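Asker: make a model of this:
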Amino acid sequence: MWNLLGFTIVTICVCAHQISAQRQEKLTAMNGYLKNIIANAQIMQAMVQAELGQNIPNPKPNPVYDNFLEAGEMRLQVLEASTAALKTAIGSPNKNCEVTPPPPPTNVIAESATMDNVSSIVVRWDPPNPVPDNLQYKVYFSAIDESGYQAAGEVVFRICDSTQTSASITDLSPRSRYQVRIGTVAGVVSESSSTPELIETPDIIPSMPTNVIMEAISPNSVALKWAPPDIAGEITEYVIYYMEDGNPPLMTDVVSPPGQYHTVEDLSEGTRYVMEVAARSNNGEGPKSVPQEVRTIDFNPPHPLNLNCTAVNKTTVILTWEPPVLLAGDGIIRGYNINYTDSRYREFYLYKTKDASIATAVIDNLEPATMYYFQASSRTRKTFGGGGAVVMCQTKADAPTAPRNVQLELSRIEPPQLTMRWIPSLHTYGPLKNYTLHWGVKNGALRKELIDPTRLRWISDFLDDDTVHEFKLYAVNDVGFGEPAIQTFKTPKRQTIVPPNVTVDRVKGDYNTTMLQVRWDPPLHPVQGYDILYRKFEWVYSGRWHLKEISDPTALASEIIVNKPENSFIVVVQGKPVRGRPPHFQQPNFGGPMGNNNMGQPSMNRGQGSPGRGMNPGPGGNQMNPGPRGNQMMGGQNPFRNNNMEMQGNQPQGQSLSVSSMSNPGMPQQQQMQGGFGGQRFRP
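Answerer: From the prediction side, this is the model:
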């Protein structure tokens, strides 16, 4: 029994304590509801007195509203809801001593907007989970300052049933701070609330600026002035819109912090612009001002100074200059133009610098040894000025290119002789000093001949029969040799008749002239005449053969007058067959590979044997006093390889008059004489 009594006493104490706590909570809630009723009643009173046009002596809440009836009805609903809540709070406590509020709403989102100088806040939320019976939402809001201080009491703006999950709070001031929260009530005094949302209403959108004035103050700038918009609020910045000649693209200049004066820079000179000005707040941009036109000042840029040119190599020059002197009010120079052409005015070229900070230009892809004319001018965005003084500059020279269209043709058959023709090099790079021809038997020693640069034809010496000859023609200027034009030609094979026992003697003629008296025996085959070729003897041959033609087929001797009796000579005698063109006549060859080989020196191939100078034809060619070893002398370019030839002259000191007497310790054992024939030496 005592235990039951103790348990009862403890239960009564707990309930008494809970009732005391509930009473304190009820009193606090009642006080809040009364404040809410008083605040809304004061707003209602202020609205009524505002409609009556009466002044309120004491400070009153902000009575801003759109429609009196709608606002009054909304305030009455709030008063009724607050009164009902107050009645509920005054009622007796729950007999079970338990008061459980419903859960608060979730995902509360508040957004603000300002239209026509009036702001509003729209708040949205999701219902609690689970949704209790008789659920209602209360939308609380209060004004706060920048520091978050709540100067006035919190107001229940609207009570919504469970089907509503959004509310719009109107009649707010632009550019103001508010705190919003959503409470949930389910038929009991206690309620739950969401976390307060802090939100600032945006400023009004300004109207367009007025009294806009524009003036061009330089070739590249325009100054603008304007008055603030009639409806302004707090302006954050101004935006200047402009288009060149009224056509896109649309360009902008932002004026921040906001002012009523601005200069638009970096415009084009002598150009018409259409400009507008607009104001911006934190709520957006207002309408643009009335479009106006303005034209920048014309500007003809001066040319660069002290243009200088230096040749770097055969195809490149470097130009340098100094920027022009600009005066106050002049425009902006955007870059420089370099116009140039060569001395023949064949083509005209333009080089542009990237910008005006560059004062050098590298001009390449030029032709060597060519004079070029350069002129520099300044460039703006739309035009360029007059050019300065013309500067001449010549690129460095190069060796000429190869002669072109080289052609070879057989101009004489017996003995063979070629004519070469060509046209000048495409690029000579200055005047030519000469044409240099290296020629001879292919893969053998080469001769060198210089040809006057004005001549475009060359006639060869008499050539060997049935032999491939190579010709390398160079064009030469002050720089040196260019690439050669290379041609090859094979002479035709022909039948030769060699008269036996050719001898050469020195005789004196009229007026003490010196002559070579050449004799021979009748050949074994009929002839229609004879060819006698002779030349000065040289170890390294540089001269040419001379030809004496004898038309008498019965002749067995002839005399040759020599101009320099101190020289030794080589003489060759050949009979002309009684027939027409040789069956092995070869047409001219006009082709040939290109190359650049080093020039060789002529050489002589000499035999070994006993002295003597009589020559008898044999199967191996012309032999000089043939002994047991068959001594033979042959030329590097011998048109008469089977001829009978004689070399006659004074016997050198300490040497025999034979092939061996012409030996030279400085020459190779197998060395040809370029363009020469085998034979005996004769020194008158």
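Asker: any low-confidence regions in the protein?
Answerer: 1-23, 54-67, 87-99, 187-190, 580-684 (pLDDT under 70).
Asker: measure the residue nearest the centre of it to residue 320 for me?
Answerer: For the chain, the residue lying nearest the average C-alpha position, counting by Cα atoms, centre = their mean, turns out to be residue 354 (12.0 Å). Using Cβ to Cβ, to the nearest Å, residue 354 is found at 16 Å from residue 320. Heads up, the C-betas are built off the backbone N, CA and C, glycines and all.
Asker: equivalent analysis for residue 201, please.
Answerer: When distance is defined by Cβ to Cβ, residue 201 is 65 Å away from residue 320.
Asker: so between these two, which is more surrounded?
Answerer: Set side by side, residue 201 and residue 320 give different neighbour counts by other Cβ atoms under 10 Å, the larger being at residue 201 (21 against 14).
Asker: now for the strand or helix carrying residue 159, which elements pack on it?
Answerer: Taking DSSP states H and E as the definition, residue 159 sits inside strand 155-161. Helices and strands in packing contact with strand 155-161 are listed as helix 2-52, helix 68-90, strand 136-144, strand 166-172; criterion 3 or more Cβ pairs under 8 Å, 6 or more residues apart in numbering; DSSP states H and E.
Asker: now these in CSV, with distance to residue 473 and mean neighbour count?
Answerer: Written out in CSV, the entries for these read as follows (distance: least, Cβ to Cβ, whole Å; neighbours: other Cβ atoms under 10 Å):
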stretch, distance to residue 473, mean neighbour count
helix 2-52, 115, 14
helix 68-90, 111, 16
strand 136-144, 103, 20
strand 166-172, 101, 17
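Asker: will you turn the ones you listed into CSV that also has distance to residue 207?
Answerer: Output for the helices and strands packed on strand 155-161, formatted as CSV (distance: least, Cβ to Cβ, whole Å):
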stretch, distance to residue 207
helix 2-52, 27
helix 68-90, 28
strand 136-144, 27
strand 166-172, 21
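Asker: among these, which is nearest residue 236?
Answerer: Shortest separation from residue 236 across the helices and strands packed on strand 155-161 is recorded for strand 166-172, at 20.3 Å, computed as Cβ to Cβ.
Asker: strands paired with that closest one, and their directions?
Answerer: Here strand 166-172 is paired, per DSSP bridges, with strand 118-126 (antiparallel).
Asker: is it true that residue 198 touches residue 142?
Answerer: No. Taking contacts as Cβ atoms under 8 Å, residue 198 lies outside contact range of residue 142: 10.6 Å.
Asker: who touches both of those two?
Answerer: When contacts are counted by Cβ atoms under 8 Å, 6 or more residues apart in numbering, the set common to residue 198 and residue 142 consists of 178-179.
Asker: and residue 124, how many neighbours does it have?
Answerer: Residue crowding around residue 124 was assessed by other Cβ under 10 Å; the count is 14.
Asker: same question, residue 216
Answerer: The tally of other residues near residue 216 (other Cβ under 10 Å) stands at 19.
Asker: residue 435 now?
Answerer: The local packing count at residue 435 equals 25, with neighbours defined by other Cβ under 10 Å.
Asker: verify the stated contact: it with residue 476.
Answerer: Yes. With contact defined as Cβ under 8 Å, residue 435 reaches residue 476; the gap is 7.0 Å.
Asker: next, residue 441: phi, psi?
Answerer: For residue 441, the backbone dihedrals are phi -70, psi 130 (criterion: degrees, to the nearest 10).
Asker: again, but for the one 5 residues further on
Answerer: Here the main-chain torsion angles of residue 446 (degrees, to the nearest 10) amount to phi -120, psi 150.
Asker: any idea how far it lies from residue 540?
Answerer: Per Cβ to Cβ, residue 446 is found 12 Å from residue 540.
Asker: and residue 492, by the same measure?
Answerer: In this structure, residue 492 and residue 540 are 28 Å apart, going by Cβ to Cβ.
Asker: and residue 222, what element?
Answerer: strand 221-227.
Asker: sheet partners, orientation included, of that strand?
Answerer: Strand 221-227 is paired, per DSSP bridges, with strand 210-218 (antiparallel), strand 261-264 (antiparallel).
Asker: same question for it: list its buried residues.
Answerer: For strand 221-227, the buried set under the neighbour-count rule, 16 or more other Cβ atoms under 10 Å, comprises 221-222, 224, 226.
Asker: for the residues you listed, which one is nearest residue 531?
Answerer: residue 221 (95.8 Å).
Asker: neighbours around residue 157, how many?
Answerer: Burial measure for residue 157: 22 neighbouring residues, criterion other Cβ under 10 Å.
Asker: typo on my end, residue 468
Answerer: In terms of burial, residue 468 registers 14 neighbours under the definition other Cβ under 10 Å.
Asker: my guess is it contacts residue 440, does it?
Answerer: No. Counting by Cβ under 8 Å, residue 468 sits too far from residue 440 to count as a contact (10.5 Å).
Asker: sorry, back to before: just put the buried residues of strand 221-227 in CSV and tack on distance to residue 179.
Answerer: Below are the buried residues of strand 221-227 laid out as CSV (distance: Cβ to Cβ, whole Å):
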residue, distance to residue 179
221, 49
222, 48
224, 43
226, 39
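Asker: nearest to residue 128 among those?
Answerer: Once Cβ to Cβ is applied, the member of the buried residues of strand 221-227 that ends up nearest residue 128 is residue 226, at 54.4 Å.
Asker: which residues of the stretch 301-450 of the chain fall in strands?
Answerer: Secondary structure of the stretch 301-450 of the chain, counting by DSSP state E, counting those that start in this stretch: strands at 305-311, 317-322, 335-342, 348-352, 360-363, 371-379, 391-394, 404-412, 417-423, 432-441, 446-451.
Asker: which strands and helices lie in contact with the second one?
Answerer: Taking 3+ Cβ pairs under 8 Å, 6+ apart as the contact definition, the neighbouring helices and strands of strand 317-322 are strand 305-311, strand 360-363, strand 371-379.
Asker: tell me which residues in that strand are buried?
Answerer: Taking 16+ other Cβ under 10 Å as the basis for neighbour counts, the residues of strand 317-322 that come out buried are 317, 319, 321.
Asker: neighbours around residue 555, how many?
Answerer: Applying the criterion other Cβ under 10 Å, we find 15 residues in the vicinity of residue 555.
Asker: actually, residue 457.
Answerer: For residue 457, the count of nearby residues is 9 (other Cβ under 10 Å).
Asker: go on, residue 165?
Answerer: A total of 16 residues lie near residue 165 under the criterion other Cβ under 10 Å.
Asker: next: the one 10 residues further on.
Answerer: Per other Cβ under 10 Å, the neighbour tally for residue 175 reads 16.
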